[in-house]
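In: For reference, the sequence and a predicted model appear below.
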Amino acid sequence: MTEEEELAAEFETQRSYLHAIAFRVLGSHADADDAVQEAWLRLARTGRGDIEDLRGWLTTVTGRICLDVLRRRGVRGEQPLELDVGTLPREAVGDSRIDPEAEAVLAESVGLALYVVMDALTPAERVSFVLHDIFEVPFDAIAAILGRSTAATKMLASRARGRLRSGTPTADAHAAARDVVDAFLAAAGRGDVATLLTVLAPDVELRTQSPKGTVVVRGAREVVAQSRIGARRDALAHPVLVDGVPGVLITIGGRPVTVMAFTVADGAITAIRGLTDPARLGQIVPSWVA
């Protein structure tokens, strides 16, 4: 085995760990894959050389790559569709200290909160919080990634925690909202107009996007008339979190077709956002969802 092959094999043992970091920071599997590939290219150019702690070196490099990606997003004003599918990716995450039980907790609490406050956290706050509080990376190592002092890095993570605490809905509130959404989906599947009208606010707004443009429908009866969920026998609905609120991912023949997010207030749905774009969804939805 050549030195390059040995280095590649050693990198592969860290790939799932690095992907887990990048996904939690960037919120997109496609972006995480790109970040990990860039980390490999940098390692291949640098060589093993005097790197004593390969995982630590790769964590630093991946963290800097993710930071750059977040900063570019801010400059371009872009925000990816934030999709958190119930539990986090099923692939192994190396020895990244996160076991399956913790993954489920993260998806329902920390993961939810991260997406809720996505727009509120600065890139540096997000990197500092994710690396330290989720992956237990020491603050001095994170400081090197951010180009800040250790004290300043601790403050960034502290501010992020404060925003998470203030922006995270309670478990009871989230469960109640999910119940309302489930009732809507069940009624839509049955074509039960009376029940649909009880779970929709009178002034509910439905906003759907597709490659063809955006359509906005306002009013409960008008939204009911547009509801076609469950019309196809081969359509499957998967509960998801979208931007931190209850949603549903519709797949047909194992292919993601539509994702919808529901805003619930006082026991009724006040807004529905939908995206029908199989090509885009196919890039960011984990392949195991279907």
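Out: Now that the structure is in, tell me what you want to look at. Predicted model only: the values in this text are computed from it and were never measured.
In: In the protein, what residue spans correspond to helices?
Out: Assigned helices in the chain, in chain order: 3-26, 29-46, 54-76, 100-108, 110-116, 123-129, 139-146, 150-167, 171-190, 193-199, 220-226, 278-284 (criterion: DSSP state H).
In: any idea how far residue 269 is from the closest residue to residue 131 other than its chain neighbours?
Out: Nearest residue to residue 131, sequence neighbours excluded (Cβ to Cβ, 6 or more residues apart in numbering): residue 137, at 4.1 Å. Just so you know, the C-beta spots here come from the backbone N, C-alpha and C atoms, and that holds for glycine as well. Per Cβ to Cβ, to the nearest Å, residue 137 is found 40 Å from residue 269.
In: ok, these two, which is more surrounded?
Out: For residue 137 versus residue 269, neighbours defined as other Cβ atoms under 10 Å are more numerous around residue 269 (24 against 20).
In: Make sure the more buried one is actually in contact with residue 182.
Out: No: using Cβ atoms under 8 Å, residue 269 is not in contact with residue 182, being 11.3 Å away.
In: For the helices of the chain, could you give me a markdown table that also reports mean pLDDT?
Out: A markdown table is the format used below for these (pLDDT from 0 to 100):
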| stretch | mean pLDDT |
| --- | --- |
| helix 3-26 | 90 |
| helix 29-46 | 92 |
| helix 54-76 | 87 |
| helix 100-108 | 39 |
| helix 110-116 | 42 |
| helix 123-129 | 90 |
| helix 139-146 | 95 |
| helix 150-167 | 83 |
| helix 171-190 | 83 |
| helix 193-199 | 92 |
| helix 220-226 | 90 |
| helix 278-284 | 71 |
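In: Could you list which residues are in contact with the residue nearest to residue 131?
Out: For residue 137, the contacting residues are 59, 63, 131, by Cβ atoms under 8 Å, 6 or more residues apart in numbering.
In: Please report how far the last one lies from residue 151.
Out: Pointing back at residue 131 there. Counting by Cβ to Cβ - residue 131 and residue 151 are separated by 16 Å.
In: more crowded one of those two?
Out: Taking other Cβ under 10 Å, residue 131 and residue 151 do not tie; residue 131 has more neighbours (27 against 9).
In: Now render the contacts of residue 137 as TSV, adding distance to residue 40.
Out: TSV is the format used below for these (distance: Cβ to Cβ, whole Å):
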residue	distance to residue 40
59	14
63	15
131	19
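In: nearest to residue 223, of the residues you listed?
Out: Closest approach between the contacts of residue 137 and residue 223, by Cβ to Cβ: residue 131, at 42.0 Å.
In: what's that closest one in contact with, if anything?
Out: Contacts of residue 131 were listed using Cβ under 8 Å, 6+ apart, and they are 21, 25, 59, 63, 137, 141, 142, 145.
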